[in-house]
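# attaching a predicted model along with its sequence, questions to come.
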Amino acid sequence: MRGRLVAGNWKSNGDLAANQLLLGHLRAAAAGLQGVDCVVCAPYPYLFQIQQLLAGSTLTWGGQDVSQFGAGAYTGAVTAAMLREFGCRYAIVGHSERRSIFGENNAMVAAKFGAALQAGLTPILCVGETLQERESGAMEQVVGAQIDAVVTAAGVAALGKAVVAYEPVWAIGTGKTATPEQAQAAHAFIRSRIAAQDAVVAAELKILYGGSVKAANAAQLFAMPDIDGGLIGGAALVAEEFMAICKAAQRH
Ligand code: PGA
């Protein structure tokens with residue numbers, strides 16, 4: 001059976017004092033959870049603090065992005081090997097904010113996916129359509145192309161070492177969650193797209209839902225057969241909310 005995973009995406013939030021409090025709460029609360037991996041994806045400068053405060057806990061952590069390049073003259077870019085040095089297990093790639101605000105395209109995201117994987121990180125590959133794309137009936141075309149770009153570049157077997165997060169852009173930070181049925185339909189589509197190339201990889205792949213997940217709606221989403229956890233933005237900054245979401249993802 002597929003495991004469950006809940007990853008918090010802090011985005012550009014946090015400071016040393018607030019992080020210390022939040023991490024202390026998470027560390028204590030996560031000790032009681034079973035059957036779900038809880039991950040914290042924080043801004044780069046705080047990974048050192050996270051490594052200090054979460055070492056030896058049941059939580060793991062990761063970067064919110066990663067360079068598609070290795071070491072060299074790439075001002076501002078953080079390599080996968082650097083993330084590894086700070087104990088990261090994961091790197092988010094292709095988050096919609098990276099795609100829309102920072103101009104990342106499918107080819108760049110596929111390169112970042114490959115760089116993360118090569119360094120031994122588990123990429124959390126984000127895919128999802130905008131409202132306009134959904135309303136024009138292009139969800140499958142857009143999400144399919146986002147998945148295909150990575151499969152073409154890295155091979156379908158690479159998805160066996162990755163996690164996919166379906167995050168409809170219209171649901172991120174808007175308070176508008178996809179209904180469990182809408183999310184399930186998209187997750188099933190993603191799984192079938194991958195199954196067409198490798199049924200075993202598809203069956204074992206964790207597909208997270210992201211977009212306004214909260215303690216109040218998590219259980220309904222996680223009850224869907226193809227939803228294996230969540231990628232959590234705003235609610236990941238509040239210890240009780242994040243832990244309630246992790247709890248809702250536990251397999252009963
Ligand atoms: P949200 O963000 O939970 O604040 O909607 C999710 C994400 O962007 O990963």
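Received, thanks. Computed from a predicted model, the values in this text were never measured in an experiment. Residues are numbered from 1 along each chain as shown.

# nearest residue to F86 other than its sequence neighbours?
L47 (4.0 Å; Cβ to Cβ, 6 or more residues apart in numbering). Bear in mind the C-beta positions are built from the backbone N, C-alpha and C, glycine included.

# for the strand or helix carrying the one you found, list every residue counted as buried.
L47 is part of helix 47-54, with elements assigned from DSSP states H and E. By neighbour count with 16 or more other Cβ atoms under 10 Å, helix 47-54 contains the buried residues 47, 49-50, 53-54.

# before we move on, back to that, quick one: the residue nearest to F86 and L117, what's the gap?
19 Å (Cβ to Cβ, to the nearest Å).

# give me every residue that touches the residue of the stretch 1-150 of the chain found nearest the ligand.
Using Cβ to the nearest ligand atom, the closest approach of the stretch 1-150 of the chain to the ligand is made by N9 at 4.2 Å. For N9, the contact set (Cβ atoms under 8 Å, 6 or more residues apart in numbering) comprises 41, 64, 92, 95, 210, 231-233, 236.

# tell me the bridge partners for it.
C41 (DSSP bridges).

# pLDDT value on it, please?
Confidence at N9, expressed as pLDDT, is 98.

# before we move on, back to that, what pairs with the following helix or strand past the helix holding L47, parallel or antiparallel?
Downstream of helix 47-54, the first helix or strand assigned by DSSP H and E is strand 60-63. If you go by DSSP bridges, strand 60-63 pairs up with strand 36-41 (parallel), strand 90-93 (parallel).

# got the contact list for the residue in the chain positioned nearest to the ligand?
When scored by Cβ to the nearest ligand atom, the chain has G233 as its residue closest to the ligand, at 2.2 Å. Residues near G233 by Cβ under 8 Å, 6+ apart: 9, 11, 172-173, 210.

# before we move on, what about V78?
Taking Cβ under 8 Å, 6+ apart, we find V78 in contact with 44, 63, 65-67.

# quick check on these: which are buried?
Among those, those buried by neighbour count (16+ other Cβ under 10 Å) are 63, 65-67.

# list, one by one, the residues from the stretch 51-200 of the chain near the ligand.
Applying Cβ under 6 Å from any ligand atom, we find that the stretch 51-200 of the chain lies next to the ligand at 167, 172-173.

# on that earlier part again, T60 is in contact with the residue nearest to F86, correct?
No. With contacts counted by Cβ atoms under 8 Å, L47 stays clear of T60, the gap being 11.9 Å.

# follow-up on the earlier one: mind putting the strands paired with strand 60-63 in CSV, distance to K161, mean neighbour count and mean pLDDT included?
Below are those laid out as CSV (distance: least, Cβ to Cβ, whole Å; neighbours: other Cβ atoms under 10 Å; pLDDT from 0 to 100):
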stretch, distance to K161, mean neighbour count, mean pLDDT
strand 36-41, 14, 25, 98
strand 90-93, 11, 27, 98
